[in-house]
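Colleague: I would like the atomic coordinates for the input below:
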Amino acid sequence: MATSTKLVLVPEYDEATVAPLLISSDIATVAPGQPESASQDGTGSMARRRYQTGRVFVRGKKQPMFVGRWREDVIVEGNQTIRVERSVVLGSIAELKTKKNAQRALQPFLDKVNSLDYRPAKFAKFEDLADLWETQILALQKPSSVKAAQSHLRTYIRPWLGHVRLEDFTCQAQQNFVTRLSGSVSRKTVLNVLCTLSSMLNSAKKWNYCCHPIDMRDLALPADQIRKTTRFFNGEEAKKIIMLAAEPFRTMFAIAAMTGLRAGEVMGLQKADLDFERRIILVSRSAWYGKVQAVKSRASRAPVVMSEALVTVLKEYLASWRENSGGFLFLNRNGRPYAANKVVEYGLWPVLDKLKIARAGMHAFRHCHASLLMDVGANPKVAQQQMRHADARTTLEAYAHVIGDAQREAVDRVGERLRPDAKCAQLRPN
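Modeller: The predicted structure is shown next:
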């Protein structure tokens, strides 16, 4: 039985004149018309699509503009396919000169609907995409990634963009969102929220939704902020902390300071990861708030080297270590891997307070290890491998703090080579 086709008139849309994030997306539906042709199998499919040449006409008197118009099939709520009429401002008569040039400007829009692989686009609001993306994509990510993205959805994306249609979130609307967000959060948070938003829109594009993926190069981002000096332990401080801490915190701090492992990687270590013959630690997992997950990146899965001093510390710890079904080195009273924040609160800070050392987190041990590597003359490539950074610049720029008088002594040696001889005659100006 033949089915009728709905013709929907979509208002002409000019990005330059419509306020982003405030676009009215309601489309007005007119009475159904007769289909060009219809399926006879009773499946209710759309009329056969025909090759389109579009239509170009002139609009306006004071500033006449060429406008192009064509038709598209779109999928709306209820999974119903309807045909809509689209229009776009191609340019002014002064710019395009002739109707033939205007038709050439319209051609890219026609090529899309005339291509053999063309499929009807789907339309939705951000609130609908957020629900779909959260269940289909986000649910497959690491627990730490899930928590961060859910925070972005709950705090910024759903309240600010939930009512906005995907096709209306253009580059201008994206910039409006970034500018508004920058007024209340740091640059880093802006970038993190944009990463979540970009993942959502990229998924929507693959699912054939009509949307505009985010391109960071097209957005003006907040300027870099003055970073606070990273708090880290020097060699003497780290040694005192390890000596004063009680088990199992003593071994945790020794591993962090002597290998540069991240806090979650230390909490996720198992006995099977320790290779005393080759003096390496295999980094296979990370623990986050008691949950085991993958490590930060592919480069983070590289093994790290153990020093002889650390081998001694680990063997002493294993002598009184209690076996468990998972083989984890460190388990709390509930039988789960420690959470890094609890280790800092109950294991590290009390020691720092006794030693009168400024409070810091577990990451201070990682900075300490990188800095000591550079201070003892390790090659930057060696330091990069031990820290497991994909780029050596990360090691040098973010972690290689110069400790003690190393920098001063190096500068003094350069100065001595360039010191002018006081006995040499100086040239006097005429």
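Colleague: pLDDT weak spots in the stretch 51-200 of the chain?
Modeller: The stretch 51-200 of the chain contains residues with pLDDT under 70 at 78.
Colleague: for it, which segments count as strands?
Modeller: Taking DSSP state E, counting those that start in this stretch as the criterion, the stretch 51-200 of the chain carries its strands at 55-59, 65-76, 80-92, 121-122.
Colleague: export the ones you listed to a markdown table and tack on mean neighbour count and distance to residue 325?
Modeller: Any C-beta I mention is one placed from the backbone N, CA and C, and that applies to glycine too. As requested, the strands of the stretch 51-200 of the chain are exported to a markdown table (neighbours: other C-beta atoms under 10 Å; distance: least, C-beta to C-beta, whole Å):
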| stretch | mean neighbour count | distance to residue 325 |
| --- | --- | --- |
| strand 55-59 | 14 | 72 |
| strand 65-76 | 19 | 50 |
| strand 80-92 | 17 | 54 |
| strand 121-122 | 18 | 47 |
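Colleague: closest to residue 217 out of these?
Modeller: strand 80-92 (23.7 Å; C-beta to C-beta).
Colleague: can you give the strand pairings for that closest one, parallel or anti for each?
Modeller: Sheet pairing for strand 80-92, assigned by DSSP bridges, gives strand 7-9 (parallel), strand 65-76 (antiparallel).
Colleague: what's the pLDDT at the closest residue to residue 280 other than its chain neighbours?
Modeller: Using C-beta to C-beta, 6 or more residues apart in numbering and skipping the chain neighbours, the partner closest in space to residue 280 is residue 303 (4.4 Å). On pLDDT, residue 303 comes in at 89.
Colleague: also residue 208?
Modeller: Looking at residue 208, its pLDDT reads 85.
Colleague: give the contact list for residue 69.
Modeller: 54, 55, 56, 57, 85, 86, 87 (C-beta atoms under 8 Å, 6 or more residues apart in numbering).
Colleague: hang on, the earlier thing: ok, the residue nearest to residue 280 to residue 256 distance?
Modeller: Distance of residue 303 to residue 256, computed by C-beta to C-beta, to the nearest Å: 16 Å.
Colleague: one more: residue 233?
Modeller: Distance of residue 233 to residue 256, given as C-beta to C-beta: 10 Å.
Colleague: find residues that contact each of the two.
Modeller: Common neighbours of residue 233 and residue 256, using C-beta under 8 Å, 6+ apart, are residue 365.
Colleague: re earlier: which among the contacts of residue 69 gets closest to residue 201?
Modeller: When these are compared against residue 201 (criterion: C-beta to C-beta), the nearest one is residue 86, at 20.6 Å.
Colleague: which residues does the closest one contact?
Modeller: Contacts of residue 86 by C-beta under 8 Å, 6+ apart are 10, 69, 70, 71, 72, 109.
Colleague: and it, bridged to which residues?
Modeller: Here residue 86 sits in beta bridges with residue 70, going by DSSP bridges.
Colleague: please apply the same query to the one 5 residues further on.
Modeller: When assigned by DSSP bridges, residue 91 has beta-bridge partners residue 66.
Colleague: let me know whether it touches residue 66 as I believe.
Modeller: Yes. Here residue 91 reaches residue 66: they are 5.8 Å apart, a contact under C-beta atoms under 8 Å.
Colleague: overlap in contacts, these two.
Modeller: Counting by C-beta under 8 Å, 6+ apart, the shared contacts of residue 91 and residue 66 are 102, 105.
Colleague: quick revisit: okay, the residue nearest to residue 280 and residue 92: tell me how far apart.
Modeller: Applying C-beta to C-beta to residue 303 and residue 92 gives a distance of 64 Å.
Colleague: how about residue 367?
Modeller: Counting by C-beta to C-beta - residue 367 and residue 92 are separated by 58 Å.
Colleague: circling back: could you dump the contacts of residue 86 into CSV with distance to residue 385 added?
Modeller: Below are the contacts of residue 86 laid out as CSV (distance: C-beta to C-beta, whole Å):
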residue, distance to residue 385
10, 57
69, 61
70, 57
71, 59
72, 54
109, 52
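Colleague: which of those sits closest to residue 173?
Modeller: residue 10 (17.5 Å).
Colleague: how many neighbours does residue 141 have?
Modeller: For residue 141, the neighbour count with other C-beta atoms under 10 Å is 15.
Colleague: how distant is the longest helix seen in the chain from the center of its chain?
Modeller: Counting by DSSP state H, the longest helix found in the chain is helix 187-206. Chain-centre distance of helix 187-206: 7 Å, with C-alpha atoms, centre = their mean, to the nearest Å.
Colleague: just list what it packs against, helices and strands only.
Modeller: If you count contacts as 3 or more C-beta pairs under 8 Å, 6 or more residues apart in numbering; DSSP states H and E, helix 187-206 packs onto helix 126-136, helix 143-152, helix 171-182.
Colleague: what mean pLDDT would you report for the next helix or strand after that helix?
Modeller: Sequence order places helix 235-244 as the next helix or strand after helix 187-206, per DSSP states H and E. The pLDDT scores in helix 235-244 average 94.
Colleague: helices or strands up against helix 235-244?
Modeller: helix 249-259, helix 349-355, helix 363-375.
Colleague: would you single out the least confident of those?
Modeller: Looking at these, the bottom one is helix 363-375 with a mean of 86.
Colleague: just checking, what packs against that one?
Modeller: So helix 363-375, by 3+ C-beta pairs under 8 Å, 6+ apart, packs with helix 235-244, helix 249-259, helix 380-387.
Colleague: any chance of the ones you listed in TSV, plus distance to residue 343 and mean neighbour count?
Modeller: Shown next, in TSV, are these (distance: least, C-beta to C-beta, whole Å; neighbours: other C-beta atoms under 10 Å):
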stretch	distance to residue 343	mean neighbour count
helix 235-244	12	17
helix 249-259	6	24
helix 380-387	21	18
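Colleague: nearest to residue 116, of those?
Modeller: Residue 116 lies closest to helix 380-387 among the helices and strands packed on helix 363-375, at 49.0 Å (C-beta to C-beta).
Colleague: relative to helix 363-375, how tilted is the closest one?
Modeller: Per axes from the mean of the first three to the mean of the last three C-alpha atoms, to 10 degrees, the angle that helix 380-387 makes with helix 363-375 is 150 degrees.
Colleague: contact partners of the host helix or strand of residue 266?
Modeller: Here residue 266 sits within helix 263-267, counting by DSSP H and E. Helix 263-267 has contacts (C-beta under 8 Å, 6+ apart) with 252, 255-256, 283, 285-288, 293, 295, 300, 330, 337-340, 343, 361-363.
Colleague: that one: how far from the chain's middle?
Modeller: 22 Å.
Colleague: spit out the contact partners of residue 328.
Modeller: The contact partners of residue 328, by C-beta under 8 Å, 6+ apart, come to 268, 269, 270, 271, 337.
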